[in-house]
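[1] A predicted structure for the sequence below; I have some questions about it.
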Amino acid sequence: MNSPSERLDDTYLVMVDEEGQHSMWPSCAALPPGWTVVHGEDSRDGCLAYFNKNWRPRSMREE
């Protein structure tokens, strides 16, 4: 069961902070300081697809 803050019809953003940490955030909420949007307004599934395609642990990104 989804919580009230995770309704399936809501839209979200994917954001990243200065340390490269990613988070999914409700598109109706103001971004917290220090975070930048890297994937615009989309469904929950669309944001999760972005994570699956683009996010990698830091150890896999650094050479």
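    Now that the structure is in, tell me what you want to look at. Because the structure is a prediction, the values reported are computed rather than measured.

[2] drop to CA atoms for contacts and neighbour counts, all remaining ones
    Noted.

[3] Please name the residues that touch residue 9.
    By CA atoms under 8 Å, 6 or more residues apart in numbering, residue 9 lies in contact with residue 43.

[4] Just to be sure, it is in a strand?
    No. Assigned with DSSP: H, G, I helix; E, B strand; the rest coil, residue 9 falls outside any strand and is coil.

[5] Show the pLDDT at it.
    Residue 9 is assigned a predicted lDDT (pLDDT) of 70.

[6] Please determine how far it is located from residue 27.
    Relative to residue 27, residue 9 is positioned 12 Å away (CA to CA, to the nearest Å).

[7] how about low-confidence regions in the chain?
    1-8, 58, 61-63 (pLDDT under 70).

[8] If we use 80, what do you get?
    Residue ranges of the chain with pLDDT under 80: 1-9, 56-63.

[9] Name the residues of the longest strand seen in the chain that come out as buried.
    Ranked by residue count under DSSP state E, the longest strand found in the chain is strand 35-43. With burial defined by 16 or more other CA atoms under 10 Å, the residues of strand 35-43 counted as buried are 35, 37, 39, 41-43.

[10] Residues contacting it, please?
    Residues external to strand 35-43 that are found in contact with it (CA under 8 Å, 6+ apart): 8-18, 27, 47, 50.

[11] from these, which ones fall inside helices?
    When DSSP state H defines the helices, the subset of the contacts of strand 35-43 inside them is 47, 50.

[12] Weed out the non-buried ones from the contacts of strand 35-43.
    Buried by 16+ other CA under 10 Å: 11-16, 27, 47, out of the contacts of strand 35-43.

[13] Name the nearest of those relative to residue 56.
    Closest to residue 56 out of these is residue 16 (12.5 Å), distances taken as CA to CA.

[14] For the closest one, give its distance to residue 46.
    The spacing between residue 16 and residue 46, counted by CA to CA, is 16 Å.

[15] Repeat that for residue 22.
    15 Å.

[16] Likewise for residue 55?
    The span separating residue 55 from residue 46 equals 14 Å under the rule CA to CA.

[17] Next: residue 60.
    Applying CA to CA, one obtains 23 Å for the distance of residue 60 from residue 46.
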